[in-house]
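J.: Fold the following, please.
(chains A and B)
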Amino acid sequence: MRISLEMNIRRLSSPAALVLVLALAVSAVAQTRPIAFQGGRILPVEGAPIERGVLIVQEGKILAVGPMGSTPIPAEAEVRDVSGKVLMPGLVDSHSHIGGGSGVGADGSSPIQPEVRALDGIDVTSSSIAKARAGGITTVNVMPGSGHLISGQTLYLKLRPARTIDDLLIRLPDGSPAGGLKMANGTNSRGGPPFPGTRGKSASLVRERYVAAQEYQEKVARAKDDPEKRPARDLALEQLGEVLAGRRIVQHHSHRQDDIMTVLRLSQEFGFKVVLHHVSEGWKVADEIAAANVACSIIYVDSPGGKLETRDMDIRIGAILEKAGVRVGFHTDDPINDSRLFLRSAGLAVRGGMSRDGALAGLTLANAEILGLQDRVGSLKPGKDADFVVLSGDPLSVYTQVEQTWIEGTLAFDRSRPADHLWAVGGPGAGDPLRPHYCCFGNAWGVIAAANAAAQ
Amino acid sequence: MKISSFLRLLARNPLARPATRFAVPPWASALLMLVVAAPAAAAASPAPATALASPPVAIRGDMVYPVSGAPIKDGLVLIREGRIAYVGPAAGQTYGADVRELCAAVVVPGLVDARATVGVSGMLNQPHDQEQVERSAPLQPELRAVDAYNARDELVAYLRARGVTTVHTGHGPGVPISGQTLVVKTKGRTAEADVLRPAAMIAATLGADATTADRGKSPGTPAKAVALLRAELIKAKEYADKRAKAPEDKRPPRDLRLEALGRALDGSQPLLISVDRARDILAALRVAREFDLKIVLEGCAEAPLVLDEIKASGFPVVLHPTMERSFGTRENLSMETASVLRRAGIPFAIQSGFEDYVPKTRLVLYEAAVAAGQGLDRDAALAAITLDAARIVGVADRVGSLDVGKDGDVALYDGDPFEYVTRCVGVVIDGVIYPGE
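T.: Below is the predicted model:
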């Protein structure tokens, strides 16, 4: 049985079958009729809350947001009553390891491997992706780990219903997949040779490679269109060049205040755009971070410690950075925190003194900015992607459930469906990779039937 | 897979050498105070004077939840000489000027964590402060947590500042028998000064989490772990029989290991068996039947699959943290299991458990909160970290509810304790006032 199923899945890779499966998987993308969600409390994040509002979406984009009564609803629209619910932008997680975790980044051969791409390591059948959708996450930055100074290219994903990684990509105008570059300093990226043994050596190795990247860029520029003069392609230096040119943001793991200052120093020296991640001791150098105009992606862990660098972690970090004028986003670092409970970060931020508006932005717009995707996601604004969540109540309450997650106008998670409920709370089967029938078919026989139909 | 192994793959070297600790500079503390008006964190505050010297304390709450009885609006808890002297409506009650008065929106019993490793697995997560598992042999019931508990680990004070006043802590899961647990107040003085029960249970583990991958070592499989445990229990039984029946000159020499297991056999110090897979839960119940043991089931991620068997056994469950990571033997855990146990009528408590990375300790308040958020009745959620936990760990005569005569252990909050945005504003243990978070 298992063998025949696998064979049939393999047969699905014929072009005809592919078309069929894609049609089934992402059929709702071609949603041309507008949908109006009316009567709910809307938290647009950009702009004041709307007590009884209307959100209108069409063809994957937001058409209009406004108060009920004064916001015209197109006559042809499908109207959905969401009275009593709360609507807010789809959550953006700026640092996660969903989709397989350890296979995503560099290996142990060297501390600097910018040529490695998360794109080539993510497993879209991992249940962690379904669980993230259940937590209301619609956009996520999947990162390689922090065990290297440079552990590879991160990948920004939209958590659409997906069969392959291509279904999840966010494309830049030139067609390339959007993502950042993961860097780390402090103790995680240290070790025996060829890894650095000290902080000074760590910074020195990074500096050396960025200087090499500058020289490589100059050579390429001097060669102009002459292939004879062009240096041999170097995938690692090409990527650092992308960073130097401002086309790729450095997403930098850093805990201790001195390590944070080193990140700021390197970013100023080479002129690259950087976001600080974790930033456990960021409250000690909040003014310096603010002066450097660097955003922070922070995590709320339930107790300090667990590793030396996080012993001074404090729940007031978000509030302190906010007061200093730093843009603050939150992350799950899934599996450190569970993607299904990402809303909780905002609650804990407010517990630690952060403003409510700042905390909601920390789940959405601030993270969109951290990823450079603020023109597409992070707030409910006409023209942006129709990514939003329907909540049972206030986003900061422990009693609130994510009831629905909509991505580009498509319902990607619905807690009232038993299969989705499993991803939301767990239970037998929730630890397994997704079976094909979860994404596209009612059951496994449907996969076989579709394959047989395609083969005829 | 354990979280640490997973993360070690992610972060190649997460547990590196110790680094110098950077003290909080004065300006930073000032900044913290500016941001949050609440009392400064008491992470390292010295323990106040003993309870005996403490003046009476009157705690007024807009809502007082005794847990053993109905909630009281505008309630009062009066503590004299470290014990609760009155619980009821505040109206009509008077007390002298010597009484220290505390007020809060919500007043509950000091929280009881039914299973932790705090004080034994230290905050820094460096080899020198990790005492939760001794791996020199698979079964070491002679090890006592009271000899390993560091009352002054910063995480003990961290939990206290958020309302936890009693913890059942000790050796962790990871080997078939890791040692004896203790029940202790979170006053942060010494094990002797703070202890309620110095030898509460014997911590055991069955299933894949009890095994080792090292060649030549046992147990390498879950079945072998059960075999080792059964063999040891038989030995302990024979030892106890011989000690009891043989004439004085023919008694076997004292064996601390077998004596400890003897207490598991006679029920005075039950086995706390950590099991998550349905198969392993059933194995624990099978061993309990064979030796007529009284046990406490711990973890139980797959409890919903063997609910009838657990119910029939009559044994209580110390359920895994609600936000436990769903990996390895716990891959099938559900955030709704507490509700399932509740509906089935199985006595249970919620634990903070053991973490080998971050967060180094969980907080039972947060774990019960998420269980309540996922449908567990709020009263049951509060009981799972107070009275029900106290009953399971054998200290309900002292703590777990607000009743006259019980210890003066109270937690004060500025709102619904389960809400993320609520803060703990103060804690009282044996009538001694400690700051909140």
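J.: So which bits of stretch B:253-263 are buried?
T.: B:R257, B:L258, B:A260, B:L261, B:G262, B:R263 (16 or more other Cβ atoms under 10 Å in any protein chain shown). (C-beta placed from N, C-alpha, C; glycine too.)
J.: How about the contacts made by the second one?
T.: Right, the one you point to is B:L258. When contacts are counted by Cβ atoms under 8 Å, 6 or more residues apart in numbering or on different chains, B:L258 touches B:K235, B:A236, B:Y239, B:A240.
J.: On the three-state scheme, A:I289 is what?
T.: helix (DSSP: H, G, I helix; E, B strand; the rest coil).
J.: same deal with B:A368?
T.: helix.
J.: Can you give me the distance of it to chain A?
T.: Distance, B:A368 to chain A, by Cβ to the nearest Cβ, to the nearest Å: 10 Å.
J.: quick one: pLDDT of that residue?
T.: The model reports B:A368 with a pLDDT of 98.
J.: swap in A:V447?
T.: 67.
J.: B:E154 now?
T.: 97.
J.: just to revisit the earlier point, now flag whichever of the buried residues of stretch B:253-263 is closest to chain A.
T.: Ranked by distance to chain A (Cβ to the nearest Cβ), those are led by B:A260 at 30.6 Å.
J.: Could you export the buried residues of stretch B:253-263 as a markdown table, including pLDDT?
T.: What follows is these, written out as a markdown table (pLDDT from 0 to 100):
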| residue | pLDDT |
| --- | --- |
| B:R257 | 97 |
| B:L258 | 98 |
| B:A260 | 98 |
| B:L261 | 98 |
| B:G262 | 98 |
| B:R263 | 98 |
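J.: and the residues you listed as TSV, adding secondary structure?
T.: Converted to TSV, the buried residues of stretch B:253-263 look like this (three-state DSSP):
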residue	secondary structure
B:R257	helix
B:L258	helix
B:A260	helix
B:L261	helix
B:G262	helix
B:R263	helix
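J.: Nearest to A:G427 among those residues?
T.: Distance to A:G427, by Cβ to Cβ, is smallest for B:L261 among the buried residues of stretch B:253-263, at 35.5 Å.
J.: could you measure the closest residue to that closest one other than its chain neighbours against B:P219, distance?
T.: Once flanking residues are discounted, B:L261 sits nearest to B:A236: 3.6 Å by Cβ to Cβ, 6 or more residues apart in numbering or on different chains. Per Cβ to Cβ, to the nearest Å, B:A236 is found 18 Å from B:P219.
J.: Domains of the chain: list them as residue ranges, please.
T.: Let's take chain A. Using automatic domain parsing, the domain ranges for chain A come out as A:25-89+A:384-443, A:91-371.
J.: my bad, the chain I had in mind was chain B
T.: Using automatic domain parsing, chain B is parsed into the domains B:40-109+B:404-437, B:111-399.
J.: now the first one, how far from the chain's geometric center?
T.: The chain centre lies 21 Å from the centre of domain B:40-109+B:404-437; the measure is Cα atoms, centre = their mean, to the nearest Å.
J.: Flag the shaky bits of the stretch 51-200 of chain A, pLDDT-wise.
T.: Of all residues in the stretch 51-200 of chain A, those with pLDDT under 70 make up the ranges A:101.
J.: Give me the secondary structure label for the residue in it that chain B sits nearest to.
T.: Nearest residue of the stretch 51-200 of chain A to chain B, counting by Cβ to the nearest Cβ: A:G147, 2.7 Å away. Of the three states, A:G147 takes coil under three-state DSSP.
J.: And the one 5 residues further on, by the same measure?
T.: Reducing the assignment to helix, strand or coil with three-state DSSP, the entry for A:G152 is strand.
J.: who touches it in this structure?
T.: Neighbouring residues of A:G152 by Cβ under 8 Å, 6+ apart: A:V104, A:G105, A:A106, A:Q113, A:P114, A:E115, A:V116, A:R117, A:A118, A:P144, A:L181, A:K182.
J.: and B:L293, what does it touch?
T.: B:L293 touches B:L233, B:A264, B:L265, B:G267, B:P270, B:L271, B:V287, counting by Cβ under 8 Å, 6+ apart.
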